[in-house]
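1. Mind looking at a prediction? Sequence and model below.
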Amino acid sequence: MVSNPRSSVGLITFINDIKKSGLYVLGHVQLGDLDTLPSDPLQCRYDSWLSLVYHLNIKAFVNLTLADSVRHGVQHLLFISGLGGMRPNTLVLGFYDDCTPKDKLTDPALADATIPTQDPEDERPPYHFPALRPSNDGKEGGNGENGKVMGPQEYVAVIADAMKMLKNVALARYFHQFDRASTISSSPGKGALYVDIWPVNLLRPDSSSYIDTCSLFLLQLALRPKHEGRSLRCSEEKLGQLLKELRIKANVYTVPWDQQVALHWQRQGEVGKRSNATRLSEEYLSVVNRLILEQARPPPAVGFLYLPRPPTDTHRYTAYLRQLDLLTKDLGPTLLIHRGTEV
């Protein structure tokens, strides 16, 4: 799902690189009510989207929809998107945070994307996408915060909806920092290019040695590009054998985190509630975040982390998003992955 292509170029091209031959759909929700409009507002937008697909040199379809909320629009696209019997099984969303969006369509590398016009003096912008939301407290419509079209509660609800529909979900953070040019131009002489993979649920310290289907999907997705993987924080022997069976080339590093887990249980207060994963402290999440940062040497091109399910209690959606925010803070380009169906 793409809110505004101006700030999503890095993520759009990255997903195109890892999808292999899969069906790729760029989805966008325009807020509005057709009953109150004189005509369909989406028809005039397709040219810009198709031009974007052409000039980014990606293989993707474009699906636009009009809805009264982003959540309802995403539901609609998940239900109807596809080509014949081919249906997208993975929803990719940008991360909900306060990072200032940057207009990547002004990148000099895309200078050849200017749409030619019959009149040479008519210098139209290459893409007719709206301006990015303001970075401060200004609000330009929408029902979210700081000009966003949705709030944190609705954002987590979109994630929960996709999981109910048995879709895989990926949350992408800091992909405005992703440098595709340097990534694809790396060579053995410049050193190996790594992706870091944490195939366990870091929000459930009691399950640190458990490898589930979500962990396997994370490994499959992370190692589709031709990069060396560094798979961290699992049973080294068990994971090593699994990677061998799956014919996945990766180095396994055991990362001690007894101090971090001990801090979690210490903050629980009640021994009888050790299985309660909703009582994570911000201090625990911060030290786990630092642990990940300390292992990222040299810095990976992309980090892959396990995305747990949102809580069943909708009142805890904001707290869930806060946990993901603290866990991934300053990690660079990062994908949080949850598996909902077979791949």
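-> Yep, it's here.

2. so how many other residues sit close to residue 100?
-> By the measure other C-beta atoms under 10 Å, the count of residues near residue 100 is 12. C-beta coordinates here come from the backbone N, C-alpha and C atoms, glycine included.

3. I'd like the distance between it and residue 176.
-> 9 Å (C-beta to C-beta, to the nearest Å).

4. again, but for residue 54
-> In terms of C-beta to C-beta, residue 54 sits 22 Å off from residue 176.

5. Contacts for stretch 28-47, please.
-> Stretch 28-47 has contacts (C-beta atoms under 8 Å, 6 or more residues apart in numbering) with 1-3, 49, 62-70, 73-74, 77, 128, 142, 149.

6. of those residues, buried ones?
-> 1-3, 49, 62-67, 69-70, 73-74, 77, 149 (16 or more other C-beta atoms under 10 Å).

7. Identify each buried residue in stretch 49-63, please.
-> Using 16+ other C-beta under 10 Å as the test for burial, stretch 49-63 gives 49, 51, 52, 53, 55, 56, 58, 60, 61, 62, 63.

8. quick one: secondary structure of residue 340?
-> Here residue 340 is recorded as coil under DSSP: H, G, I helix; E, B strand; the rest coil.

9. count of neighbours near it?
-> Using other C-beta under 10 Å, residue 340 is surrounded by 20 other residues.

10. contacting residues around it?
-> 89, 162, 163, 165, 166, 167, 168, 169.

11. Need the max-distance pair from those residues.
-> The largest separation in these, counting by C-beta to C-beta, is between 89 and 163 at 12.0 Å.

12. tell me the contacts of residue 102?
-> By C-beta under 8 Å, 6+ apart, the neighbours of residue 102 are 7, 132, 176.

13. among these, who's most crowded?
-> Most neighbours among the contacts of residue 102, by other C-beta under 10 Å: residue 7, with 22 neighbours.

14. And the pLDDT for it?
-> Predicted confidence (pLDDT) for residue 7: 88.

15. hang on, isn't it packed against residue 172?
-> No. The pair residue 7 / residue 172 is not scored as a contact, 11.6 Å apart, by C-beta atoms under 8 Å.

16. Tell me the one among the contacts of residue 340 nearest to residue 217.
-> Distance to residue 217, by C-beta to C-beta, is smallest for residue 168 among the contacts of residue 340, at 6.6 Å.
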